[in-house]
Structures are given as C-alpha cells and as structure tokens.
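# the sequence and its predicted three-dimensional model are supplied below.
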Amino acid sequence: MSSKVLCYLRTLRLGWRLTQEEVASLLPKGSRNRVADVEQSVSPPNAEEIVAYSVIFGVPGEAIFPPFYADIEDAVARGAYALYQNAEDDKSLQGHRRRKLAEEILARTTRPSRPSSV
C-alpha cells in the first residue's frame, strides 16, 4: 500500500482545529460522513465541494486534492491530444481553431510547475 497523501483536507481541517461536523456545516450540502469519506479518499470530491473547500481554507483545489487534479489533467491532456490528431489534416478555419485549442490545453496541462505542498 502506498503512503502517498491523497488529499490535504484533513490537514487543513485540523490546522484550524475544526471538527468534521463544523466543516460539514460550512458546505452547501454537507454531512460529517461525507467529509470523512473525502478526507479518507473513500469518495472523490465533487466540483461543488472542491470550490467550497477552496473558499473555506483559502487554498486552491489543486493543492488540496493533488492526485485527483493530476488524474483529471492527464485525462484532459489525452483528450486534447486526440482532438489535435483528429484535426491535423483539416485545413479549414474550424480545424485550425481545434488544433489551437488542443495546443493551448496541452501547454496548460503539461506545465512543469505544480502547486506547492499545503
């Protein structure tokens, strides 16, 4: 089993001396069990929770859930690569725009800098 930290939600919560119930009360739709599941990586956070945790703790979601973001970023990069390949022979304006978008996505997702540890 890996000792890799999957999220920093518990670290942030404990840093503020908050209980799971208190954090849950700050979420638009939260319960102590849901906070526990996300902290323990039993369930991934949903978009609403990522935004809420970012607002609550003042930390970007990417820094709170690094592997989750990395997995999504990898999937998007694969999709962008496929989009580029599909549009490679298309000389129309639409093909050009698709290639440009794919290039911009790949530039954003393959950046060497990652968020620093929380």
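Here it is on my side, so go on.
# which residue is nearest the middle of the chain?
The centroid of the chain falls nearest to Tyr69 when counting by CA atoms, centre = their mean (3.1 Å).
# and the strands in this protein?
Counting by DSSP state E, one finds no strands in the chain.
# pLDDT score assigned to the nearest residue to Ala24 once chain neighbours are set aside?
Setting aside the residues directly before and after it, Ala24 is nearest to Gly30 in space (CB to CB, 6 or more residues apart in numbering), at 3.7 Å. Backbone N, C-alpha and C define where each C-beta goes, glycine included. With respect to pLDDT, Gly30 has a value of 88.
# quick one, what contacts Gly30?
Gly30 is in contact with Val23, Ala24, Glu49, Ala52, counting by CB atoms under 8 Å, 6 or more residues apart in numbering.
# in CSV, list those along with pLDDT, neighbour count and distance to Asp89.
What follows is the contacts of Gly30, written out as CSV (pLDDT from 0 to 100; neighbours: other CB atoms under 10 Å; distance: CB to CB, whole Å):
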residue, pLDDT, neighbour count, distance to Asp89
Val23, 98, 25, 51
Ala24, 98, 17, 52
Glu49, 95, 23, 42
Ala52, 97, 19, 44
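# break this structure down into its domains, please.
9-64, 67-109 (automatic domain parsing).
# please identify the deepest-packed of those.
Of all these, domain 9-64 carries the top mean neighbour count, a mean of 16, counting by mean count of other CB atoms under 10 Å.
# spell out, range by range, the helices that occur in this protein.
Taking DSSP state H as the criterion, the chain carries its helices at 9-15, 20-26, 32-39, 47-57, 61-64, 66-87, 93-109.
# can you list the helices and strands that the shortest one packs against?
For helix 61-64, the elements it packs on are helix 47-57, judged by 3 or more CB pairs under 8 Å, 6 or more residues apart in numbering; DSSP states H and E.
# make it 10 Å
If you count contacts as 3 or more CB pairs under 10 Å, 6 or more residues apart in numbering; DSSP states H and E, helix 61-64 packs onto helix 9-15, helix 47-57, helix 66-87.
# in TSV, list these along with distance to Ala36.
As requested, these are exported to TSV (distance: least, CB to CB, whole Å):
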stretch	distance to Ala36
helix 9-15	9
helix 47-57	13
helix 66-87	17
